[in-house]
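Undergrad: sequence first, then the predicted structure, then my questions.
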Amino acid sequence: MTYELLAGLSLFAFASSITPGPNNMMLMASGANFGMRRTVPHMLGVALGFGVMVGLVGIGLMGLFDLWPLSHAIIKWGGVAYLVWLAVKIARSGPPQSGAARAKPFSFLQAAAFQWVNPKAWTMALGAIAAYAPERDLTAVAWVVLVITLINFPSVSTWAALGQALGTWLADPRKLRIFNWAMAALLLASLWPVVMG
């Protein structure tokens, strides 16, 4: 991969990873509700799960979408429906220490699996492969996966840290409830480009 392509891919990875989207809204909410330490598996699941997704898109899934465009639409709208359900769940969540129905942060596997229903992740993966590994050869795909994974983790960690910084302010259950409703609304708003695209 040439230096120019690597620089372009790095900018693409940073811009698409740091901007608001379903992963970042959920990580901010997790950081606020559970703190950074308990959110680490969620962050790792996002970064590594997305890297695996990009790799699989690069070595074959993109070809399936070329053959059957309807499959991409089904994944997109299924993901939108799941994210709407998740937004409702976030809005209705309470403080972490709320007894028997104690809330828990996403696990590594839950966060990794979430990438497959995240419309922004699909858009990023398809865009990265189309732009930076159009021939879909293994070396180019490996470079895309490596760069995206290395840039994605610190980017998503920023959102969790921002959430944790808000955590002390959110110790008041009323403020936490307002925050969770706001995060749910932002999660829904992050779907706007997907729904309109």
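TA: Alright, I've got the coordinates.
Undergrad: what helices or strands is the helix or strand hosting K120 leaning on?
TA: Assigned by DSSP states H and E, K120 falls within helix 119-132. Helices and strands touching helix 119-132, by 3 or more CB pairs under 8 Å, 6 or more residues apart in numbering; DSSP states H and E, are helix 3-18, helix 22-56, helix 62-67, helix 69-92, helix 138-167, helix 192-196. (Glycine included, C-beta is placed from N, CA and C.)
Undergrad: buried stuff in that helix?
TA: P119, K120, A121, W122, T123, M124, A125, L126, A128, I129, Y132 (16 or more other CB atoms under 10 Å).
Undergrad: surely the last one meets A13?
TA: Read it as Y132. No - applying CB atoms under 8 Å as the test, Y132 and A13 come out as separate, 9.4 Å apart.
Undergrad: could you dump the helices and strands packed on helix 119-132 to TSV with mean neighbour count and mean pLDDT?
TA: Listed next are those as TSV, based on neighbours: other CB atoms under 10 Å; pLDDT from 0 to 100:
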stretch	mean neighbour count	mean pLDDT
helix 3-18	15	89
helix 22-56	23	93
helix 62-67	12	74
helix 69-92	15	77
helix 138-167	19	93
helix 192-196	11	68
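Undergrad: out of those, nearest to L176?
TA: Proximity to L176, assessed across the helices and strands packed on helix 119-132 by CB to CB, is greatest for helix 22-56 (7.4 Å).
Undergrad: and the angle from that closest one to helix 3-18?
TA: Calculated by axes from the mean of the first three to the mean of the last three CA atoms, to 10 degrees, helix 22-56 forms an angle of 140 degrees with helix 3-18.
Undergrad: can you pull up the most central residue in this protein?
TA: With distances taken as CA atoms, centre = their mean, N23 lies nearest the centre of the chain, 2.9 Å away.
Undergrad: mind listing what the residue nearest to that one when sequence neighbours are not counted touches?
TA: Once flanking residues are discounted, N23 sits nearest to V46: 5.0 Å by CB to CB, 6 or more residues apart in numbering. Applying CB atoms under 8 Å, 6 or more residues apart in numbering to V46 gives the contacts N23, L27, A111, A112, F114, Q115, N152, F153, V156.
Undergrad: from these, which two are the most distant?
TA: Taking CB to CB, the two most distant members of those are F114 and F153; they sit 15.5 Å apart.
Undergrad: re the thing from before, adding distance to Y82, write the contacts of V46 out as CSV.
TA: Listed next are those as CSV, based on distance: CB to CB, whole Å:
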residue, distance to Y82
N23, 13
L27, 17
A111, 14
A112, 15
F114, 8
Q115, 12
N152, 21
F153, 23
V156, 19
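Undergrad: now do the shared contacts for Y132 and A13.
TA: Between them, Y132 and A13 share no contacting residue under CB under 8 Å, 6+ apart.
Undergrad: any idea how far L126 lies from P22?
TA: 16 Å (CB to CB, to the nearest Å).
Undergrad: sweet, I'm off.
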